[in-house]
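Asks: what's the 3D shape of this:
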Amino acid sequence: MKIFKGLKDKQSNKFLDKMSNNLRIQHFLLAVLFFACVFAILLTSLKPPQFDLVVGQRAPVDIRASKDIEDSIETQRLKNLAAEEVDSEYKLETSFHMEVKKDIEKFFSFIYEIKDNQEMEFLDKKIALETNDLNITGPNITAALEASTEILRYLENYIYEIITTYMNDGIKIEELQIEKNNIKDYIMSIEDFDNNLKELSVAIINATIRPNQFLDLELTEQKRQEAMEAIEKVMIRKGDIILREGENVTYDKLQIMSELGLLAKDRKVDFMLYTGIASIVLVIEFLLVAYIYVFNKELLKKTSRLFMMILIFLCVLIISKVLAIISIYLIPVAVSAMLLAILIDARLAFLVNLCLTILISIVTGNDFSFIAMGLIGGTVGVFSVINTQQRGNIFVSGLIISIVNLITIIGIGFVSSSEITKTLTFGFYGVLNGILCSILTVGSLPLWETVFHIVTPLKLLELSNPNHPLLKKLLIEAPGTYHHSIIVGNLSEAATNAVGGNSLLARTGAFYHDIGKTSRPYFFKENQLSAENPHDKINPSLSSLIITGHVKEGLELANKYKLPEEIKDFITQHHGNTLVAYFYHKAKNANSDEEIDENTFRYNGTKPLNKETAIVMLADSVEAAVRSLTSHTKEKIEAMIHKIFKDKLEDGQLEDCNLTLKELEKIKQAFLSVLLGIFHERIAYPDQDIKELKGRKAHESSN
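Replies: Now for the predicted structure:
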């Protein structure tokens, strides 16, 4: 069992080691962490509170809509009302009019035919006419036989006109009887015919007239749909009150609350809310990843800094939830921009400020004044802290942000609102916002610097302070090395400025590059106050071991005093794997018969990997070499500088840094300028002039 347990632990350790060394896995885990945390914060902010209510119950508080939503019940009611108000559409069948006319014409033709038959008796004619297709009998047939043909033709034409008038207007099925009555009343009012003929006309019309206007279901439905579509949706806007406190809950209101996810009993997932939040977070994450990948790829190798960026991002989001209760204008969006500009990269700080402003504005209701304040204040915050070298300057940056916030809020407020008091109150919160940003930045900056081992300009200034314990130790125990380091720092600062590097980092690194010499200070020439040299008493191999050992001892001191990695790089890289030439040649001369291994006389360090460490390497060698010159003329100094650079290039010490030949020329000129200032020629005061000056002072004092 112990064997299996041991194997299991071994496999687990391998897995953890693999995860810790695999950047892709680390990046994936950081991306998941960012998405999950931001998603959770937004969800808790945007997810509405839920209520346990039923129809008839009173609302415990004012219940507001959590987002824009359609009041579907009210919208449908208005649509139904609009549809009901649409009149039914009818279509006119013109063919029916012709059929009616033909029926009447046929009837009268039959009458004329019978009536003109001279061979038939009156009674026979009456009997024959009663067999007509219109089923007109009795007195009406008698009236037709008794009337003259001329009168009948006149009546026929009159009937045609009446039928045409009414049927051209259209007769609906449900209105047929009404129209018949109207026609009867009209005919009865005519004075051109007697009552018998009027009755005959009414009978003929009643027998022939028919509906010719029918309901057009398709057109009617189309009109109703158009009327319904013309009705605009009834919208409930975010923040609108659905139920006031104490108001009875109705079925309609309960349905709206259910659609908004405000009912606890529903227990349904708001997929739209979840999808919306996820989409926003993914877009923000994509922007950040794309920027880092395109513009700051080196940051991908520093997962600790990516993790720090995520923590700062999340902290500001969490703080915003708390301060939004008082006022959204107190939310210190700019603090993230200020911290990231100091700790990582100013351009990245701009993007993070933009992303945070967008996210917080979504949570707080998309207030335009807040968005403008967040974007402008954050931008000013980044500009004001770039290359800041005093923590007190951050408070000045906070005051600048306060002023900008005040101007932004008041400007937008006066343009879009007439509430002066309210606008001035928001402006006051904007002033407090800037002060809060500076306090949070100054207060948390040492934490980020310490936990994530980040060297900021402020940290470098603290390290370059002569009162730092390690520099005081160097000054007391190895004063010559301390003085040498100060000059190397000045040379490095001037040269780094010339090639656009981090001059503050180079100067600070130069101060610490030789701290290992405090272990055996008198084995190094600059600390030897007398002519006695301890190396004369030991063999060259041991001397070389002592000389090269100051790198290892310096690294141990750096770890003890918890110096940042960036400063440790100067200790391990300022000699690279350079050959300790003096003792190597001394060993060769002393042991001419033996073959000396050159590697035993080389530093076991790393070649410079960046501009700053390479410049310190060159400055270190140049300062020592120039100091050894007996005459410090410009030509000799320049020749020595050229020789040092040539030796370093030929030895391959500069092959891993990103310095170009053009930049090396600039570094040479910077070194020459500084060294000429140090080793300038002085005026020699003649002895006679000095004696005369002393005598004059003595005479003046006696008087």
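Asks: Might you list the low-confidence residue ranges for the stretch 401-550 of the chain?
Replies: Within the stretch 401-550 of the chain, the segments meeting pLDDT under 70 span 530-531, 536.
Asks: The stretch 201-350 of the chain too?
Replies: 261, 264-269.
Asks: Please enumerate the strands of it.
Replies: 213-215, 235-236, 241-243 (DSSP state E, counting those that start in this stretch).
Asks: repeat for the stretch 401-550 of the chain
Replies: Counting by DSSP E, counting those that start in this stretch, the stretch 401-550 of the chain has no strands at all.
Asks: what's the answer for the stretch 1-150 of the chain, then?
Replies: 63-64, 69-70, 90-92.
Asks: Burial-wise, tell me which of these comes out on top.
Replies: Among the strands of the stretch 1-150 of the chain, strand 63-64 has the highest mean neighbour count (mean count of other C-beta atoms under 10 Å), at a mean of 20. Glycine gets a C-beta too; all of them are placed from N, C-alpha and C.
Asks: and that strand, what does it pack onto?
Replies: Where contact means 3 or more C-beta pairs under 8 Å, 6 or more residues apart in numbering; DSSP states H and E, strand 63-64 is packed against strand 241-243.
Asks: for the strand it packs on, which positions count as buried?
Replies: 242, 243 (16 or more other C-beta atoms under 10 Å).
Asks: And that strand, what does it pack against?
Replies: Looks like strand 241-243 contacts strand 63-64, helix 251-259 (3+ C-beta pairs under 8 Å, 6+ apart).
Asks: Show the contacting residues for residue 645.
Replies: 618, 664, 667, 668 (C-beta atoms under 8 Å, 6 or more residues apart in numbering).
Asks: Just confirm the last one contacts residue 640, I think it does.
Replies: The one in question is residue 668. No: contact criterion C-beta atoms under 8 Å: residue 668 and residue 640 do not qualify, at 10.8 Å.
Asks: can you list the domains in this protein?
Replies: Domains of the chain are assigned by automatic domain parsing as 90-215, 272-454, 465-678.
Asks: Out of these, which is closest to residue 31?
Replies: Nearest to residue 31 among the domains of the chain is domain 272-454 (6.5 Å), distances taken as C-beta to C-beta.
Asks: Pipe the strands of the stretch 201-350 of the chain into JSON lines and attach distance to residue 58 per row.
Replies: Shown next, in JSON lines, are the strands of the stretch 201-350 of the chain (distance: least, C-beta to C-beta, whole Å):
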{"stretch": "strand 213-215", "distance to residue 58": "49"}
{"stretch": "strand 235-236", "distance to residue 58": "20"}
{"stretch": "strand 241-243", "distance to residue 58": "9"}
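Asks: which one is residue 306 nearest to, not counting chain neighbours?
Replies: Among residues not flanking residue 306 along the chain, residue 30 sits closest, at 5.5 Å (C-beta to C-beta, 6 or more residues apart in numbering).
Asks: can you check residue 93 too?
Replies: Spatial nearest neighbour of residue 93, excluding adjacent residues (C-beta to C-beta, 6+ apart): residue 212 at 4.7 Å.
Asks: wait, the one you found sits on residue 167?
Replies: Yes: counting by C-beta under 8 Å, residue 212 touches residue 167, with 5.4 Å between them.
Asks: for the helix or strand that contains residue 588, packing partners?
Replies: Residue 588 belongs to helix 581-590 when assigned by DSSP states H and E. If you count contacts as 3+ C-beta pairs under 8 Å, 6+ apart, helix 581-590 packs onto helix 540-560.
Asks: In the helix it packs on, which residues are buried?
Replies: Applying 16+ other C-beta under 10 Å to helix 540-560 flags 540-541, 543-544, 546-555, 557-558 as buried.
Asks: before we move on, what about stretch 604-612?
Replies: 605, 606, 607, 608, 610, 611, 612.
Asks: returning to that earlier point: could I get the contacting residues of the residue nearest to residue 93?
Replies: Residue 212 touches 92, 93, 94, 96, 97, 167, 170, 171, counting by C-beta under 8 Å, 6+ apart.
Asks: Tell me the one of the contacts of residue 645 nearest residue 44?
Replies: Closest to residue 44, out of all of the contacts of residue 645 and judged by C-beta to C-beta, is residue 667, at 55.3 Å.
Asks: All set now, cheers.
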